[in-house]
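[1] Below are the sequence and a predicted model for it; my questions follow.
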Amino acid sequence: MSGDRTNYVLVHGAFHGGWCWRRVVDRIAERGGRALAPTLTGLGDRSHLINPDIDLSTHIADIVNLVLWEDLHDIILCGHSYAGMVISGVAERIPDRIAALIYLDALKPAPGACLWDYLTPAGRDEFERSTFDGLIHPKSAAAFLVNAADRQWVDSKCTPQPRATFHERLPKTEHRSRIPRTYVCASAYGSAMLTRFAEEAAADPAWRRIDLPYGHDLMIDAPDEVADLLLEAA
């Protein structure tokens, strides 16, 4: 059973795994919360399961089943980067289990969209060049502007991402619109795609926008600030 503590479910982005949330998990635990940071099928410590048929639906099911099997309610659900797609899909499946959604420098998809839709032509070309046998090989930590001290560690942990996860479309987002939502922008990263999402959130009174002056992997570069905003959401 989930108990009386607030439960936080933290979903990593493409190429990463649950390992990237360790600092945030520790800080939340120190302050009495319970944070779960699962690894999506085929990545990180579950990379032995990787195959090109893994898609967005697989990853949505990973998180839905975690919530159901752990009997979690009123969760703070946070998704980083690609996982904005995942948590949006989870919100359609189990909206009654979610107290708040946090998009951590993440995709904020429209109904019917997939990640591929939001990439620039140059971004698509880059991923196409790094795709082999249906798997996209990871970008470097330096490309994500991870702090210099952690780049080697991050590069050693990142794994390929099934291409199908970038191409499957999210059919709807209607339940998401009923849940309190926050968009957190990594302002030092400066991705045009993610900046667009942050600007959309700032212009929509249904969203709250927060800016943190770090690179894309905020849970690694700014674990104290990320833990604070998650705890505040509760």
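    Alright, I've got the coordinates. Keep in mind that this is a model prediction, so the values were computed, not measured.

[2] pLDDT below threshold where in this structure?
    Where the chain drops to pLDDT under 70, the residues are 1-4.

[3] Quick one: the helices in this protein, in order.
    22-30, 56-69, 83-93, 115-118, 121-129, 151-157, 164-167, 192-203, 218-221, 223-233 (DSSP state H).

[4] Show me what the first one is packed up against.
    Here helix 22-30 is seen to pack against strand 7-11, strand 34-36, helix 218-221, helix 223-233 when contacts are counted using 3 or more CB pairs under 8 Å, 6 or more residues apart in numbering; DSSP states H and E. Where you see a C-beta, it was placed from the backbone N, CA and C, and this is true even at glycine.

[5] Deepest-packed of the ones you listed, please.
    Comparing the helices and strands packed on helix 22-30 by mean neighbour count (mean count of other CB atoms under 10 Å), strand 7-11 ranks first with a mean of 26.

[6] Okay, now the sheet partners of it, with direction.
    Strand pairing for strand 7-11, using DSSP bridges, gives strand 34-36 (parallel), strand 75-80 (parallel).

[7] Tell me which of the helices of the chain sits nearest to Val9.
    helix 56-69 (6.5 Å; CB to CB).

[8] Now render the helices of the chain as TSV, adding distance to Val11.
    Formatted as TSV, the helices of the chain follow (distance: least, CB to CB, whole Å):
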stretch	distance to Val11
helix 22-30	12
helix 56-69	6
helix 83-93	4
helix 115-118	14
helix 121-129	20
helix 151-157	16
helix 164-167	12
helix 192-203	16
helix 218-221	11
helix 223-233	12
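
[9] so which of the strands paired with strand 7-11 gets nearest Cys158?
    strand 75-80 (13.1 Å).

[10] Using CSV, write down the CA coordinates of that closest one.
    The C-alpha trace of strand 75-80 is given here as CSV (Å, rounded to 0.1, in the frame of the first residue of the first chain):
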residue,chain,number,x,y,z
ILE,A,75,0.7,11.2,-7.1
ILE,A,76,2.9,14.0,-8.3
LEU,A,77,3.8,12.7,-11.8
CYS,A,78,6.9,14.3,-13.4
GLY,A,79,8.3,13.6,-16.9
HIS,A,80,11.6,14.8,-18.3
